[in-house]
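Asker: Okay, sequence plus prediction incoming.
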Amino acid sequence: MEKYGKLSPELMEELRAIVGKERFFTGEDIDPNYSHDEMPIYGSHMPEAVCEVESTREVSEILKLCNEHRIPVTPRGAGTGLVGGAVPLLGGVVISTVRMNKILDYDMKNLCVRTQVGVLLQDLAADAAEHGLFYPPDPGEKTATVGGNVATNAGGMRAVKYGVTRDYVLAMTVVLPTGEILELGKAVCKSSSGYSLLQLMCGSEGTLGIITELTLKLIPAPPHDVSLLMPFENLADAIASVPDIKLAKLDPQSIEFMDADIVRSSAAFTGNSIFPQKLQGREVGGCILVTLVGNSEDELYEKMDRLNDVAEKAGAIDLLVVDTPSLKKTVWSARSSFLTAIEADTKLVDELDVVVPVDKIAEFLVYTRQVGEEQGLYVRNFGHAGDGNLHIYCCSNTMTEEEFIPRVKVVMGKCYSECARFGGQVSGEHAIGHAKKEYLRESVGDTAFRLMSQIKRVFDPNMILNPGKVCTYTEEGKGED
């Protein structure tokens, strides 16, 4: 087990000197939000100090100092994570990148942008659009930082067409736990140049280094797009239509699914009842939301006709077109509110972010509801039907936390085992943090988990950076390998 130091008054002064007194916080001056992320069930731990950095140099100097004195350091972006990845389990120092929020420059000839890591996803997307460009990754939490997206390899709704965040990372500046500054990658689209440390950093959750600057690939904005809603009487039939949608040569930008329960919650929370609950005298049990893009309106209309054929054969109640800017905004705003709606009307909640083969989605959802009911939990779900990434929430408004936690652990254990049986993965985009370590270990096996732990040790010999996350343990856990 690692031995960590505490911040002495002298070390506090050295940290204050690095960032300045306006960006250094201790004691009661620390915002309580720095103690947790967006999933409260994974705990709250206050750091000893918070440094809101503005440059790579400041990050480097802080890490040199903390590494020398074995002070644990937790990197943090916007704190929108859902697996406790930015929770400072051992106190120490939180390095916040919230002030590193500048978009630095565009390379219009090579279609890329250079940005600091604290830029919000929604701001980058909007700024790129003003340049006539398009940043494809589209995680649901638009107020997350792009650095956090890279650190967790976030996916999102458009992954079925464009891939995930790592597919758009060309280069980065990263500071190692020792304080060394490393430039990884180049503003080029291909590389066969040794081990890819760049890709290793993507999805490493701030355990191998702190990313401070990114060069991200952009593409020309699609000229035309349309969203279409396919309501079904039951969710199983809705999910069963997905392979046919993918085989119809539509190249959809997104394929989302939602059941009737989450539609009702979203409507009640937002006052926006854009998703139908009853149509043509039939109750809607599940919906598929598809976005198509095209280079011309004619191409788009042709794709819509083909999707209509798929919808009819699959037994959809109707095919509803979402084509005006205001209607698109309303629909996707409602879709983005699903998690917030769950949090608003649920006292206790925990989440699975699994990926299963598309043809196993319906079966897996039925299984999760069954095991949830066995433990007295209410299970709610939505997700990315196009790539099999499911967001499944175990909820309770009647239990105490002491009752809830052991019950949800039973559900999680059974569901992750079933996920493995189906050939799935523990996480599709929310990552591992400290909440899902044991499930990761069971999923990948002891050999792979040991290799991950050894890689961590190579990058971080003193184990100061985000301890207790992904493949390492603290005294709160079972001990370190």
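Answerer: Here it is on my side, so go on. These numbers come from a predicted model, not from an experiment.

Asker: C-alpha from now on. contacts and neighbour counts both.
Answerer: OK.

Asker: Quick one, grab the pLDDT at Leu82.
Answerer: As predicted, Leu82 sits at a pLDDT of 95.

Asker: OK, contacts around it?
Answerer: Going by Cα atoms under 8 Å, 6 or more residues apart in numbering, Leu82 touches 37-39, 351, 430.

Asker: Spatially, which two of these are the most separated?
Answerer: For these, the farthest-apart pair by Cα to Cα is Asp37 and Glu351; their separation is 13.5 Å.

Asker: Give me the contacts around stretch 375-392.
Answerer: Contact with stretch 375-392 is made by 156-157, 159-160, 239, 242, 246, 254-259, 261-262, 288, 338, 351-358, 361, 365, 368-369, 372-373, 393-396, 407-408, 410-411, 428, as judged by Cα under 8 Å, 6+ apart.

Asker: Narrow the residues you listed to just the buried residues.
Answerer: Using 16 or more other Cα atoms under 10 Å as the burial test, those include 156-157, 159-160, 239, 242, 254-259, 262, 288, 338, 351-358, 361, 365, 368-369, 372, 393-396, 407-408, 411, 428 as buried.

Asker: Near Tyr473, how many other residues are there?
Answerer: Each residue near Tyr473 was counted by other Cα atoms under 10 Å, and the total is 19.

Asker: ugh, wrong one, Lys21
Answerer: Lys21 has 12 neighbours, counted by other Cα under 10 Å.

Asker: again with Lys249
Answerer: Residue neighbour count, defined by other Cα under 10 Å, stands at 11 for Lys249.

Asker: try Arg306
Answerer: Counted by other Cα under 10 Å, the residues lying close to Arg306 total 15.

Asker: quick one: it and Ala248 touch, right?
Answerer: Yes: judged on Cα atoms under 8 Å, Arg306 makes contact with Ala248 at a distance of 7.1 Å.

Asker: shared neighbours, the two?
Answerer: What both Arg306 and Ala248 touch, as defined by Cα under 8 Å, 6+ apart, is an empty set.

Asker: my guess is Gly203 meets Asn153, correct?
Answerer: Yes: here Gly203 lies in contact with Asn153, judged by Cα under 8 Å, at a distance of 4.5 Å.

Asker: Filter the contacts of stretch 375-392 down to the ones in strands?
Answerer: 254-259, 288, 351-355, 393-396 (DSSP state E).

Asker: List the contacts of Thr179.
Answerer: For the record, residue 179 is Gly, not Thr. 59-64, 67.

Asker: Could you measure from Ala248 over to Ala240?
Answerer: 14 Å (Cα to Cα, to the nearest Å).

Asker: the more surrounded of the two?
Answerer: Per other Cα under 10 Å, whichever of Ala248 and Ala240 has more neighbours is Ala240, with 17 against 14.

Asker: Any idea how many residues pack against the spatially closest residue to the more buried one that is not a sequence neighbour?
Answerer: Excluding the flanking residues, the one nearest Ala240 by Cα to Cα, 6 or more residues apart in numbering is Asp359, at 7.2 Å. Using other Cα under 10 Å, Asp359 has 16 other residues around it.

Asker: now Ser266
Answerer: By other Cα under 10 Å, 25 other residues sit near Ser266.

Asker: what sits against it?
Answerer: Per Cα under 8 Å, 6+ apart, neighbours of Ser266: 272-273, 334-335, 337-338, 341.

Asker: Closest one to Ser443 out of the residues you listed, please.
Answerer: Phe338 (28.0 Å).

Asker: For Leu229, grab phi and psi.
Answerer: phi -110, psi 130 (degrees, to the nearest 10).

Asker: The stretch 101-250 of the chain: strands as residue ranges?
Answerer: Ranges of strands within the stretch 101-250 of the chain are 103-107, 112-116, 133-134, 169-175, 181-185, 210-217, 219-220, 224-232, based on DSSP state E, counting those that start in this stretch.

Asker: where in the stretch 351-481 of the chain is pLDDT low?
Answerer: Applying pLDDT under 70 to the stretch 351-481 of the chain flags residues 475-481.

Asker: can you list the strands of the stretch 101-250 of the chain in TSV and add mean neighbour count?
Answerer: Shown next, in TSV, are the strands of the stretch 101-250 of the chain (neighbours: other Cα atoms under 10 Å):
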stretch	mean neighbour count
strand 103-107	15
strand 112-116	23
strand 133-134	20
strand 169-175	23
strand 181-185	17
strand 210-217	26
strand 219-220	14
strand 224-232	23
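
Asker: among these, which is nearest Gly148?
Answerer: Going by Cα to Cα, the one of these nearest Gly148 is strand 210-217, 9.2 Å.

Asker: Against which helices or strands is the closest one packed?
Answerer: Secondary-structure packing of strand 210-217 (3 or more Cα pairs under 8 Å, 6 or more residues apart in numbering; DSSP states H and E): strand 112-116, helix 146-152, strand 169-175.

Asker: Only the buried residues of the second one, if you could.
Answerer: Residues of helix 146-152 classed as buried: 146-152 (neighbour count, 16+ other Cα under 10 Å).

Asker: Tell me the one among those nearest to Pro47.
Answerer: Gly148 (19.2 Å).

Asker: shouldn't that closest one be in contact with Pro75?
Answerer: No: assessed by Cα under 8 Å, Gly148 is found out of contact with Pro75, at 9.5 Å.

Asker: Including mean pLDDT and distance to Asp318, could the helices and strands packed on strand 210-217 go into JSON lines?
Answerer: Converted to JSON lines, the helices and strands packed on strand 210-217 look like this (pLDDT from 0 to 100; distance: least, Cα to Cα, whole Å):
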{"stretch": "strand 112-116", "mean pLDDT": "98", "distance to Asp318": "40"}
{"stretch": "helix 146-152", "mean pLDDT": "98", "distance to Asp318": "36"}
{"stretch": "strand 169-175", "mean pLDDT": "98", "distance to Asp318": "40"}
